[in-house]
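Participant: Predicted model follows, preceded by the sequence.
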Amino acid sequence: MTTHLAFLRAINLGKHRKLPMALVKESLAAAGFTGIETHLATGNVRVETSKRSQSVVEQAVERALSASAGFDVPTIVFSPAELSALYDDAVRLEVSAQRRYVTLLRDHPSAELASEIDGWEAPGEGAKVLGRAVYWWIDHPNAAAKMSNARVEKQLGTATTRDIKVVRTLVERWCS
């Protein structure tokens, strides 16, 4: 069995797109996944399956959850080794900002597309492309930020963002 980490995009934010983690577990178990664990209600899911291809796992998770939820549930899958390496790379940048985020990308961006965000800076903000992710930081409230998941997604495709502290917790729990 192969372990995959699935990150669900835009669920449980506000009144819409509610997807209880109990339903996530039930739906994925019915779809044949095992070893299912969740962390927080924001869509961090660990699964085990005989499927090895990340795109096949993404599609299977999306089908199972979309059928149960009644709306599309875009999913981005990483291996534990990928997430751990991504976290290590982000920590090595030694950024000291109030807020630090990792936006996980479904696909590797081309060098041309990545260059639009890699090294981007604005007052109190910055970003660095790390493989299939964008590590970004801000030193002011999120509402004033120029960088966002929507901006990354517009330029680099399907994406979902997690606070660096959540990524650290997931690495500690699921990548050891």
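Facilitator: It's in. Just so we're clear, the structure is a prediction, and the values are computed from it rather than from any experiment.
Participant: Now do the phi/psi pair for the closest residue to Asn142 other than its chain neighbours.
Facilitator: Among residues not flanking Asn142 along the chain, Arg99 sits closest, at 6.8 Å (Cβ to Cβ, 6 or more residues apart in numbering). Yep, even glycine has a C-beta here, placed from its N, CA and C like the rest. Dihedral pair for Arg99: phi -130, psi 130, per degrees, to the nearest 10.
Participant: show me what contacts Arg99?
Facilitator: Trp137, Ile138, Asp139, Asn142, Asp163 (Cβ atoms under 8 Å, 6 or more residues apart in numbering).
Participant: Just name the lowest-scoring one in these, pLDDT-wise.
Facilitator: pLDDT across these is lowest for Asn142, at 89.
Participant: And it, how close does it get to Val95?
Facilitator: In this view, Asn142 and Val95 are 16 Å apart by Cβ to Cβ, to the nearest Å.
Participant: These two: which is more packed in?
Facilitator: Per other Cβ atoms under 10 Å, whichever of Asn142 and Val95 has more neighbours is Val95, with 15 against 11.
Participant: Across the sheet, point out what pairs with the closest residue to the more buried one other than its chain neighbours.
Facilitator: Of all residues beyond its chain neighbours, the one nearest Val95 is Trp137 (4.9 Å), with distances taken as Cβ to Cβ, 6+ apart. Judged by DSSP bridges, the bridge partners of Trp137 are Arg100, Gly126.
Participant: Against Ala145, how distant is Trp137?
Facilitator: 10 Å.
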